[in-house]
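S.K.: what's the 3D shape of this:
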Amino acid sequence: MKFAVIVFPGSNCDIDCYKAVEETIGQPVDYVWHTATDLSAYDAILVPGGFSYGDYLRCGAIARFAPVMSEVVKAAEQGKYILGICNGFQILTEAGLLPGALRRNEGLKFRCHSTLLEVVNNGTAFTNQYAPGEIIDIPIAHGEGNYYCDEATLAELKANNGIVFRYKAGANPNGSIEDIAGISNKAGNVVGMMPHPERAISQILGSEDGKRMFTSILNAWREKNGAAVNG
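M.R.: Numbering: from 1, shown residues only. Just a heads-up that it's a prediction; the model follows:
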């Protein structure tokens, strides 16, 4: 299975994502520059955190028009696995691959600390190794992670099991609607989340609860392609 880590000017979690793939599942992974126009060689695409294009205009608004994003949209339509983390989540919403928007944190401050999440939907390619309702420890680092959508979009997310993660009750760090920390598209192959699973792959980092996001996608890919699942 081959992974691409998209790199925009201002990305700063690209190395973390690369190392997470390398160290948790040992699959081939490449950095792919934002000017790339062909992602056909890749089975999964990671859109990492950071401050793409300096977060000018608003987070993800310029990155959405990078040449590589046309290929990311195409890959999503083909059913390939797309994970947007933090700024990557913001980019996916700007690109229309996920609904809603990310606004300034409720307290108007950058928040960087460990956060407890509830796994709401373990039926996506990125969450199949978790139990529904499981509480996991995944850190955050964002100033604009306040997820918002209108009532119709929220109802649609609920109807399609599109809420993947919620912040644990009483522990919402940014004011996001209904404590939403991560969502998916209807097909479940595109997931965006504000917390950073790539920063939770070892106890030396404080948690290894993020490892199963990467083993989940390898598991999903192997099942889809009829390969033996060896854990």
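
S.K.: who's in contact with whichever strand or helix holds residue 158?
M.R.: If you go by DSSP states H and E, residue 158 is part of helix 151-159. The contact list for helix 151-159, computed with C-beta atoms under 8 Å, 6 or more residues apart in numbering, reads 99, 100, 149, 162, 163, 177, 178, 183. From N, CA and C alone the C-beta is placed, and that goes for glycine too.

S.K.: the second one: neighbour count?
M.R.: Here the count is done by other C-beta atoms under 10 Å, and residue 100 has 20 residues near it.

S.K.: doesn't residue 79 make contact with residue 189?
M.R.: Yes - the pair residue 189 / residue 79 is scored as a contact, 5.5 Å apart, by C-beta atoms under 8 Å.

S.K.: neighbour count: those two, which is higher?
M.R.: residue 189 (23 against 13).

S.K.: need the per-residue pLDDT for the more buried one.
M.R.: We have a pLDDT of 97 for residue 189.

S.K.: contacts only, for it.
M.R.: Listed by C-beta under 8 Å, 6+ apart, the contact set of residue 189 reads 76, 79, 80, 81, 82, 124, 125.

S.K.: any idea how far residue 110 lies from residue 171?
M.R.: Look at residue 110 and residue 171: by C-beta to C-beta, to the nearest Å, they are 17 Å apart.

S.K.: that older thread, the helix holding residue 158: what's the following helix or strand?
M.R.: Following helix 151-159 in sequence order, the next helix or strand is strand 163-167 (DSSP H and E).

S.K.: what about the helix or strand just after that next one, distance to the chain center?
M.R.: Tracing the chain past strand 163-167, the next element assigned as helix or strand by DSSP H and E is strand 180-184. Chain-centre distance of strand 180-184: 9 Å, with C-alpha atoms, centre = their mean, to the nearest Å.

S.K.: next one: stretch 218-228
M.R.: Put simply, stretch 218-228 sits 20 Å off its chain's centre (C-alpha atoms, centre = their mean).

S.K.: give me the buried positions along that stretch.
M.R.: 218, 219, 220, 221 (16 or more other C-beta atoms under 10 Å).

S.K.: and the contacts of it?
M.R.: By C-beta under 8 Å, 6+ apart, the list of residues contacting stretch 218-228 from outside reads 1, 25, 27, 43, 44, 81, 125, 126, 128, 129, 229.
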